[in-house]
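In: What follows is a protein structure lacking sequence information:
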């Protein structure tokens, strides 16, 4: 069965708020095994809303609208939906009573327009709103269902979970199961080339690729009558992907980030880590420290943005800085050596580069970054040429440093080669 | 003129990501004076994407599509748009060259499917992508315009601002002029209360308030026949807002961020700065160092996540850490003192707190953060109780530290009181 989402609200059309409702509802519908092919946003306008709803009903089985159930004249979703579905509105006594109680219990004054919220399309199912005055509405018409939800997430989400999900769960017998294979150190197009045959012949399960800064995520999704069967379909595909990408696969758990994988690897090998950063100025440390439990492995971090700081904190020789420049293989190496020495961590990572917009030369252009990783004295340096603005260069440098850390630790401890 | 937004991507239909692109584009289009009545999301599917685009072209003057310009077979936006507009695709030599250079400069392997990104619809305008390989596309057909943008925000946003906004700005006869008054250290509802009379009586210009992590942005927008007239309408309103919020206004320039304002203040007062962070682990340094030109003022940064690091790097007494705990007013103060001493910077800022999810106690709950700012020996400490998850607590702590730095420097050098 197919579902379509319509978000109603001028504030969405003006970009005043981000449409988190659509993302929430889309994810929940996917979990329910409903296929969503379209989402729309439309304002509180009778004509346009009616047109969008009619189109949705032509191409989808279930249409979920959120927003526009408030008490003001602007709020038209229920009125327009009733009209499109050919229903009259009538006072719904239980809703009227609930609204009255809601106001009395809060010592709030009830105004005339509040009664509007107690009107229901004939033959519709009223859905309790435990966190506000607007009841939800379900209108069924042969094979089509229209579901109306309030716009505020704190009303919509509890209503959806408590009442709408169980209602929709009865509407489709198929289960959807997904697993994500996360890969680092391989570009998106190379990754696709490596599995072109699998993508070309995909059916159930499907394979979707998502490129993320220096990572590729492959999502394998199967539909089946039950969860067990769906998992059984996904398993061999995930296994094959793991075979093809080998040590570049860092997890098959959607909740694990690259930094979490690196921290887990440090913990598993009983290693401590220190970071020393120039152009990224603390971003690598910040990403590692966003992992709960990192305190077991993270020793200390140094931001040596200036040459003086590189000399004073890390003891890098003035001569070397003058001869090779702060952005050089040699200085990156010395930074990783120095950080290990002063922090006594087994793993030390350094980043030095030119993030721009100024500071680039022909020989050393903006985007030139050296990353060094020191694992128990064995140091590997990577020279990178990143593009983009300052923020993009720094972000890419941090992701590349995490990938280098992972590779160096695996090579040192597991004799894996990349 | 009307504009319509189409976001292309299965990950949006599955709810894997939130559609921040649509919110960004909607806001920018509103600023340009374009009316947006519809937004849609559709997957990478030829038939459905073509149908959505055709509908959009029937009811809107300008259609902006984002996503689906990648090198993989999934990516169909350009191919489908060309077909709908009746254009053939041909190799675009400058784009081909740029892509080739992109890969060579990164030492990356170019695969066959990358050339797909260099194909352009006949008669279309290719738009430079400074942060990726997918060029943007503008297709004009009599009164209709179709604009194709890459999906990743770090590619889409710079392209939109640099190339598409100037292009669209020429498409409407009325001029829109906006100025943003940025305020820090005042909550959203307090800010709204302070200017309720101005909001209630607004016409042209309008005043819109946007709450951002620890900041409130007030955007004053006027419409007029020319830029000069529009600016004239905006000026007195901005002046009045500056009067009402006094030193809490940190800029009236939309491009200036809070961290840029702080760096500018340091430069203006010839001050150097060092940071020392515990729970935020480098995030404050990273935000400061994202400001180009920060090298003139930033001395060094220390990430002392563990107690050992606090002792070894900053010389904080073991007894104090044991007696008061790492998250305490006293330790925050000592951190700011120690950082100033070892780095010899005039300004030193420290952050120590409990970001969670673990580590909280009844006395010191998750969200408790101490921030200290040392300006030439005069130290101010702020105790904060932040809400939210680990990431949110850390982000709020960093913004609060920037606000405290600004206040301390202004109080010390300009005798402003907050």
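Out: Thanks, I have the structure now. The shown structure was predicted, so the numbers you read here are calculated from the model rather than taken from an experiment. Residues are numbered from 1 along each chain as shown, chains lettered A, B, ... in the order given.

In: now stretch A:146-154, how far from the centre of its chain.
Out: Stretch A:146-154 has its C-alpha centroid displaced from the chain centroid by 22 Å (CA atoms, centre = their mean, to the nearest Å).

In: For residue A:36, which residues count as its bridge partners?
Out: With DSSP bridges applied, the residues forming beta bridges to residue A:36 are residue A:3.

In: these two touch, right, it and residue B:16?
Out: No: if you go by CB atoms under 8 Å, residue A:36 and residue B:16 don't touch, sitting 11.8 Å apart. In short, each C-beta sits where N, CA and C put it, glycine included.

In: between those two, which one's more packed in?
Out: residue A:36 (25 against 20; other CB atoms under 10 Å in any protein chain shown).

In: Distance check, the more buried one against residue A:6.
Out: Residue A:36 is 12 Å from residue A:6, where distance means CB to CB, to the nearest Å.

In: again with residue A:266
Out: On the measure of CB to CB, residue A:266 and residue A:6 end up 47 Å apart.

In: For the helix or strand encompassing residue A:243, the averaged confidence score.
Out: Using DSSP states H and E, residue A:243 maps to helix A:227-245. Averaging pLDDT along helix A:227-245 gives 95.

In: for stretch A:193-209, same thing?
Out: 90.

In: tell me which residues in that stretch are buried?
Out: A:193, A:194, A:195, A:198, A:199, A:205, A:207, A:208, A:209 (16 or more other CB atoms under 10 Å in any protein chain shown).

In: What about these, which are in strands?
Out: A:207, A:208, A:209 (DSSP state E).

In: Relative to chain B, how far out is residue A:200?
Out: 8 Å (CB to the nearest CB, to the nearest Å).

In: and what of residue A:27?
Out: Counting by CB to the nearest CB - residue A:27 and chain B are separated by 3 Å.

In: again with residue A:342
Out: 8 Å.

In: ok so, going back, tell me which residues in the helix holding residue A:243 are buried?
Out: Neighbour-count burial for helix A:227-245 [16+ other CB under 10 Å]: A:230, A:233, A:234, A:237, A:238, A:241, A:244, A:245.

In: is stretch A:374-390 up against chain B anywhere?
Out: Yes: using CB under 8 Å from any CB of the partner chain, stretch A:374-390 reaches chain B at A:384, A:385, A:386, A:387, A:388, A:389, A:390.

In: Could you pick out the one among those with the lowest pLDDT?
Out: residue A:388 (84).

In: Can you give me the neighbour number for that residue?
Out: Residue A:388, neighbours per other CB under 10 Å, totals 21.

In: Quick check: closest non-adjacent residue to it.
Out: residue B:131 (3.9 Å; CB to CB, 6 or more residues apart in numbering or on different chains).

In: In this structure that neighbour contacts residue A:389, no?
Out: Yes: between residue B:131 and residue A:389 there is a contact under CB under 8 Å: 6.6 Å.

In: Settle it for me: which of the two has more neighbours?
Out: residue B:131 (23 against 18).

In: Contacts only, for that one.
Out: A:387, A:388, A:389, A:392, B:152, B:154, B:155, B:158, B:159 (CB atoms under 8 Å, 6 or more residues apart in numbering or on different chains).

In: which residues in the stretch 1-150 of chain A form helices?
Out: A:10-13, A:20-31, A:46-59, A:77-84, A:93-105 (DSSP state H, counting those that start in this stretch).

In: Need those helices in JSON lines (columns: mean neighbour count).
Out: Formatted as JSON lines, those follow (neighbours: other CB atoms under 10 Å in any protein chain shown):
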{"stretch": "helix A:10-13", "mean neighbour count": "20"}
{"stretch": "helix A:20-31", "mean neighbour count": "22"}
{"stretch": "helix A:46-59", "mean neighbour count": "17"}
{"stretch": "helix A:77-84", "mean neighbour count": "22"}
{"stretch": "helix A:93-105", "mean neighbour count": "14"}
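
In: so the helix or strand bottoming out on mean pLDDT in chain A versus helix A:227-245, what angle?
Out: Within chain A, no helix or strand scores below strand A:206-212, which has a mean of 83 by mean pLDDT, DSSP states H and E. Interaxial angle, strand A:206-212 versus helix A:227-245 (axes from the mean of the first three to the mean of the last three CA atoms, to 10 degrees): 50 degrees.

In: Understood, closing this out.
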